[in-house]
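Asks: requesting a structural model of the entry that follows:
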Amino acid sequence: MRGNTEALYCDDYSDQLNCIDSTIANLTCLRGGDIVSVADRMICHNISGVQLCDDGFENMCVKIDITCDVHKHQLCDEEEDCVNGADELHVTCQKMSKFMCERVFGLENRLLHIPLSWINDGYKDCDNGEDEDKYPTCGLTPATKRLKTEDEECEEVFLCGFPPSDHIEFEDLCDNRNTCSNENELCRTALSSSNISQKLSNSESKLVVS
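Replies: Sure, this is the predicted structure:
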C-alpha cells in the first residue's frame, strides 16, 4: 500500500474505484472493459504510470493558470472551480452547443450545454454518448467541414473565413451586414464580375455562380 499523512492507497489504486458512497465518485468510465466509478480525489491525479480509466479520461485536465488545474468537464459547467472563476471564462466556453446533456463527470441528473469542440472529438462527453453519435459534422472536406450545433439537417451554407461566425445561410448574404466580417466585400466583387448573374426574388438579391 502507498501511504501519506492523509490516506493509504492500494498499489494499483483499485481501492479508489466503485466507492460505496456515490457522492464522492462522480466519474464513470471503462476499466478493463468494465464500467467503474472513480473517486473524485483521483481526478487530475497525474500520478506517473497510473491510469484508472482505459482511455485515461480521469486525467483529461486543463491548466487554467499556475494555480488551477481542472478536469475538462469542470469547464463551462456554471460552477467556479478556480478562485477567480477563470474556468468559466476559458476560450473553450466561447462556443457552446444548443443541446444539453448529462456529462460523464459531474453531478448526476444535471443537464448542461457542452463546448462545440467536444462534439465528435472521439471521446464520450455526454453520459448517453449523444455528442459522438447524434450530432455529426457537416461538409465533406476540411475546407467545408463544420460542427452542427443541434439536431438539424446538414445544408449548404457560406463558410466564413473569419470570426465571429463560422458560417451563415445563403439567404443572409449581401444584406449589408458583415456577419462573416468580409462577405459584403466579396458580394461587391462578385457583382462586378461577368461570371456572376443576379437573380431577384422578393426584392432581395441572391447571388448564383454561373
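Asks: quick one: the helices in the protein?
Replies: Taking DSSP state H as the test, the helices found in the chain are 130-133, 183-191.
Asks: which of those comes out lowest on mean pLDDT?
Replies: Ranked by mean pLDDT, the helices of the chain end with helix 183-191 at the bottom, a mean of 75.
Asks: output the contacting helices and strands for that one.
Replies: Counting contacts by 3 or more Cβ pairs under 8 Å, 6 or more residues apart in numbering; DSSP states H and E, helix 183-191 packs against strand 204-209. Where C-beta positions appear, they are placed from N, C-alpha and C, glycine not excepted.
Asks: follow-up on the earlier one: just name the most buried of the helices of the chain.
Replies: Each of the helices of the chain was scored by mean neighbour count; the highest is helix 130-133, a mean of 17, by mean count of other Cβ atoms under 10 Å.
Asks: and that helix, how far out from the chain middle?
Replies: 11 Å (Cα atoms, centre = their mean, to the nearest Å).
Asks: repeat that for stretch 177-192.
Replies: Between the centre of stretch 177-192 and the centre of its host chain there is 30 Å, according to Cα atoms, centre = their mean.
Asks: ends of that stretch, what's the gap?
Replies: One end of stretch 177-192 to the other measures 19 Å (Cα to Cα, to the nearest Å).
Asks: just stretch 60-72 next, same as before
Replies: Stretch 60-72 has its terminal residues 6 Å apart, counting by Cα to Cα.
Asks: which residues does that stretch contact?
Replies: 27, 43-44, 46, 58, 75, 81-84, 86-87, 90, 92, 105, 118, 123, 125 (Cβ atoms under 8 Å, 6 or more residues apart in numbering).
Asks: now the residues you listed: which count as buried?
Replies: For the contacts of stretch 60-72, a neighbour count by 16 or more other Cβ atoms under 10 Å gives the buried set as 27, 43-44, 58, 75, 81-82, 86-87, 90, 92, 105, 118, 125.
Asks: follow-up on the earlier one: out of the helices of the chain, flag the one nearest Asp54.
Replies: Shortest distance between Asp54 and these, using Cβ to Cβ, is found for helix 130-133: 15.9 Å.
Asks: helices or strands up against that closest one?
Replies: So helix 130-133, by 3+ Cβ pairs under 8 Å, 6+ apart, packs with strand 96-102.
Asks: who are the packing partners of the strand it packs on?
Replies: By 3+ Cβ pairs under 8 Å, 6+ apart, strand 96-102 packs against strand 111-115, helix 130-133.
Asks: so which of those gets nearest Ala190?
Replies: Closest among the helices and strands packed on strand 96-102, using Cβ to Cβ: strand 111-115, at 34.5 Å.
Asks: what lines up beside that closest one in the sheet?
Replies: Within its sheet, strand 111-115 is paired with strand 96-102 (antiparallel), according to DSSP bridges.
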